[in-house]
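Need coordinates for the below:
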Amino acid sequence: MTARLILEDGTLFEGSSCGTDGEAWGEVVFNTSMTGYQEIITDPSYCGQIVTMTFPLIGNYGINDEDFESRSPFLRGLIMRECCQLPSNWRSRMSLPEYLKQNNIVAMEGMDTRALTRLIREKGAMRGLITTEATPVPELLDRVQNTPTISEMDLVSSVTIPEPYTLENDGPHIVILDLGLKLSIARSMHKTGCRITVVPANMEAADILALKPHALVLSNGPGDPKAATGTIKTISKLIGQLPILGICLGHQLIALAMGGKAYKLKFGHRGSNHPVKDLLRNKIYITSQNHGFSIDEDSLPAELAVTHRNVNDETVEGFANKQLKVLSIQYHPEAFPGPTDSHYLFDDFFAYIA
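Numbers count the residues shown, from 1 in each chain. Down below sits the predicted model:
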């Protein structure tokens with residue numbers, strides 16, 4: 001079945017459907033990872049977005065039962081050059097097209113993803129619409145131009161858990177505020193021996209402190225950090241009360257809670273090969289990233305010292321304050337599959353708890 005993608009600037013791409021029939025709209029972004037498509041599809045940070053995979057063949061090792069990053073996929077759509085119909089891997093339980101149809105994800109293949117990626121790099125991330133229907137192009141363009149931008153949507157409330165849950169262990173008690181949590185974050189900390197309690201994004205500061213945690217982790221999540229006004233207020237009440245680790249969206253929200261400002265990147269950082277310099281260790285690490293916003297360094301309060309910087313564009317990738325016991329990073333130290341170079345950051349954070 002034919003599928004089409006139309007962007008808000010009027011650019012039209014044609015290909016074939018490899019997911020469910022229908023229509024889906026969202027912000028069109030690209031990810032440069034060569035592997036990890038299952039983790040990308042189930043990363044809640046992609047809520048509200050249509051993801052373009054730049055690697056030409058996706059789905060060759062199928063879908064397994066162990067590598068999901070959330071309870072369900074939240075992305076709006078998926079675009080590939082070629083979607084593998086016959087995967088080959090001992091862990092595979094179904095093909096990628098089967099999974100996409102099972103989860104009602106509109107997806108397309110057989111189009112020039114390099115051309116689309118270059119267009120996004122030149123013009124920036126744009127709203128787009130994928131359809132398998134025979135709707136006239138002018139009508140499709142009118143629809144996509146009247147959809148909300150990523151900054152006009154409350155996405156955290158769409159992905160956070162409804163009720164708290166706990167992963168038992170004998171070590172320090174860590175509360176994770178679920179803003180769109182990748183399960184690898186909870187798994188990584190649980191494997192160190194920590195007891196983990198994951199709580200909804202709307203939990204109040206007093207209720208979090210009532211759980212008597214040794215530390216708080218602010219997870220990754222989707223959308224514009226400025227939209228999470230309630231969470232920003234909660235964080236501002238908790239800074240200085242207990243050690244806090246921010247990851248991705250959590251990193252941005254700490255900055256906003258302390259008076260900093262965020263801005264939208266032209267096309268974002270999404271992939272598993274982004275070089276970041278640790279300014280304290282004077283080393284460069286290869287990192288996994290997924291974000292479309294960044295923190296304005298000039299807006300950061302003096303008590304937050306920048307600790308990590310993106311090698312490609314020099315954006316802020318981390319900051320810290322030892323007195324307040326705040327450690328924050330823009331990328332994903334827990335990434336699976338992907339570079340494990342940055343797992344040391346969990347040890348740095350645990351030093352705040354000791």
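
Report how many residues lie close to residue 269.
24 (other C-beta atoms under 10 Å). C-beta: built from backbone N, CA, C; applies to glycine.

Then residue 59?
When neighbours are defined as other C-beta under 10 Å, residue 59 has 26 of them.

Next one: it relative to residue 111, how far apart?
Distance, residue 59 to residue 111, using C-beta to C-beta, to the nearest Å: 15 Å.

Would you map the helices across the chain?
Assigned by DSSP state H, the chain shows helices spanning 37-41, 96-102, 113-123, 137-145, 156-159, 183-191, 205-210, 229-238, 249-257, 344-353.

Name the stretch among these that sits most buried.
Comparing the helices of the chain on average neighbours per residue, with mean count of other C-beta atoms under 10 Å, the densest one is helix 249-257 at a mean of 27.

that older thread, may I see the helices of the chain arranged in JSON lines, with distance to residue 219 and mean pLDDT as well?
Output for the helices of the chain, formatted as JSON lines (distance: least, C-beta to C-beta, whole Å; pLDDT from 0 to 100):
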{"stretch": "helix 37-41", "distance to residue 219": "15", "mean pLDDT": "97"}
{"stretch": "helix 96-102", "distance to residue 219": "24", "mean pLDDT": "98"}
{"stretch": "helix 113-123", "distance to residue 219": "26", "mean pLDDT": "98"}
{"stretch": "helix 137-145", "distance to residue 219": "30", "mean pLDDT": "97"}
{"stretch": "helix 156-159", "distance to residue 219": "10", "mean pLDDT": "96"}
{"stretch": "helix 183-191", "distance to residue 219": "6", "mean pLDDT": "94"}
{"stretch": "helix 205-210", "distance to residue 219": "13", "mean pLDDT": "98"}
{"stretch": "helix 229-238", "distance to residue 219": "11", "mean pLDDT": "98"}
{"stretch": "helix 249-257", "distance to residue 219": "6", "mean pLDDT": "98"}
{"stretch": "helix 344-353", "distance to residue 219": "14", "mean pLDDT": "92"}
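
Make TSV out of the ones you listed and add distance to residue 277.
Shown next, in TSV, are those (distance: least, C-beta to C-beta, whole Å):
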stretch	distance to residue 277
helix 37-41	25
helix 96-102	35
helix 113-123	23
helix 137-145	38
helix 156-159	30
helix 183-191	22
helix 205-210	33
helix 229-238	26
helix 249-257	16
helix 344-353	14
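
do you know which of the ones you listed lies nearest residue 271?
Taking C-beta to C-beta, helix 37-41 is the member of the helices of the chain nearest to residue 271, at 9.6 Å.

looking at the helices of the chain, which is closest to residue 281?
Judged by C-beta to C-beta, the one of the helices of the chain that comes nearest to residue 281 is helix 344-353, at 8.6 Å.

And the top strand by length along the chain, what does it pack against?
The longest strand of the chain (DSSP state E) is strand 262-278. On a contact count with 3 or more C-beta pairs under 8 Å, 6 or more residues apart in numbering; DSSP states H and E, strand 262-278 meets strand 23-31, helix 113-123, helix 249-257, strand 283-295, strand 305-310, strand 316-321.

In TSV: these, plus distance to residue 38.
Listed next are the helices and strands packed on strand 262-278 as TSV, based on distance: least, C-beta to C-beta, whole Å:
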stretch	distance to residue 38
strand 23-31	13
helix 113-123	19
helix 249-257	21
strand 283-295	14
strand 305-310	26
strand 316-321	25
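
how about those, which one is nearest residue 146?
Residue 146 sits nearest to strand 23-31 of all these, at 9.7 Å, using C-beta to C-beta.

one step back: now do the longest strand of the chain: distance to the chain's middle.
Offset of strand 262-278 from its chain centre (C-alpha atoms, centre = their mean, to the nearest Å): 11 Å.

before we move on, what about stretch 319-335?
Its chain's C-alpha centre and that of stretch 319-335 lie 16 Å apart, by C-alpha atoms, centre = their mean.

got the CA coordinates for that stretch in CSV?
Extracted as CSV, the C-alpha positions of stretch 319-335 are listed here (Å, rounded to 0.1, in the frame of the first residue of the first chain):
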residue,chain,number,x,y,z
PHE,A,319,26.4,20.6,35.2
ALA,A,320,26.8,20.0,38.9
ASN,A,321,26.9,21.5,42.4
LYS,A,322,28.6,19.4,45.2
GLN,A,323,27.1,21.5,48.0
LEU,A,324,23.6,21.1,46.8
LYS,A,325,24.4,17.5,45.7
VAL,A,326,23.0,18.1,42.2
LEU,A,327,24.4,16.2,39.2
SER,A,328,22.8,16.6,35.8
ILE,A,329,23.5,15.4,32.3
GLN,A,330,21.8,15.9,29.0
TYR,A,331,22.5,12.5,27.5
HIS,A,332,21.9,8.8,28.5
PRO,A,333,24.5,7.1,30.6
GLU,A,334,22.3,4.0,30.9
ALA,A,335,22.0,3.5,27.1
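
List the buried residues in it.
The neighbour-count check on stretch 319-335 (16 or more other C-beta atoms under 10 Å) flags 319-321, 324-335 as buried.

do stretch 300-309 as well
By 16+ other C-beta under 10 Å, the buried positions in stretch 300-309 come out as 300, 304, 307-309.
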